[in-house]
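*Asks:* fold the following and give me the result.
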Amino acid sequence: MKNSSMKNRSMKNSHIKSKSFLQKTSLVMGIISELLCVLCLVMLVIKARELGMEDVISASYMASAFFFFTAGLVLIIISQANIPSLRFNDSADDK
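*Replies:* Residues are numbered from 1 along each chain as shown. As a prediction, the model looks like this:
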């Protein structure tokens, strides 16, 4: 019983692909984008106290925070996706 469960685990793990270099890079850039979003929000609070929310600089910090948040979210989702291999010789091994 124990051996069959170990075989099932090893078969499941053999189908899990490691992430490619670009997916790992996407994760790092996504985290950096989220940190830049937080930095823009901190700067927004600082500048809004000085200049008010109607100033152009406050609006640009809000737009930058929105951009970095959404770009970071997309990059993190891409990094966690299960992207199939598009190599030609993988299809010959499956047959």
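*Asks:* ok now the helix ranked longest in the chain, how far from the chain's centre?
*Replies:* In the chain, taking DSSP state H as the definition, the longest helix is helix 21-51. How far helix 21-51 lies from its chain's middle: 13 Å, per Cα atoms, centre = their mean, to the nearest Å.
*Asks:* what bits of this protein have low per-residue confidence?
*Replies:* By pLDDT under 70, the weakly predicted segments of the chain are 1-17, 85-95.
*Asks:* buried stuff in stretch 65-72?
*Replies:* Neighbour-count burial for stretch 65-72, counted by 16 or more other Cβ atoms under 10 Å, picks out 65, 68, 69, 71, 72. Where you see a C-beta, it was placed from the backbone N, CA and C, and this is true even at glycine.
*Asks:* quickly note the distance from the fourth one to residue 27.
*Replies:* Between residue 71 and residue 27 the distance is 13 Å, computed by Cβ to Cβ, to the nearest Å.
*Asks:* need the residue closest to the centroid of the chain.
*Replies:* residue 76 (1.0 Å; Cα atoms, centre = their mean).
*Asks:* ramachandran coordinates for it?
*Replies:* With angles defined as degrees, to the nearest 10, residue 76 sits at phi -70, psi -40.
*Asks:* going forward, count from 54.
*Replies:* Noted, 54 is the first residue going forward, which turns the last one into residue 129.
*Asks:* contacts only, for it.
*Replies:* 79, 80, 83, 84, 87 (Cβ atoms under 8 Å, 6 or more residues apart in numbering).
*Asks:* CSV for those, including distance to residue 102 and neighbour count?
*Replies:* Converted to CSV, these look like this (distance: Cβ to Cβ, whole Å; neighbours: other Cβ atoms under 10 Å):
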residue, distance to residue 102, neighbour count
79, 35, 20
80, 34, 16
83, 30, 21
84, 28, 14
87, 24, 17
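*Asks:* quick check, nearest of the residues you listed to residue 104?
*Replies:* Nearest to residue 104 among the contacts of residue 129, counting by Cβ to Cβ, is residue 87 at 25.5 Å.
*Asks:* surely that closest one and residue 120 touch.
*Replies:* No. Judged on Cβ atoms under 8 Å, residue 87 makes no contact with residue 120 at a distance of 11.7 Å.
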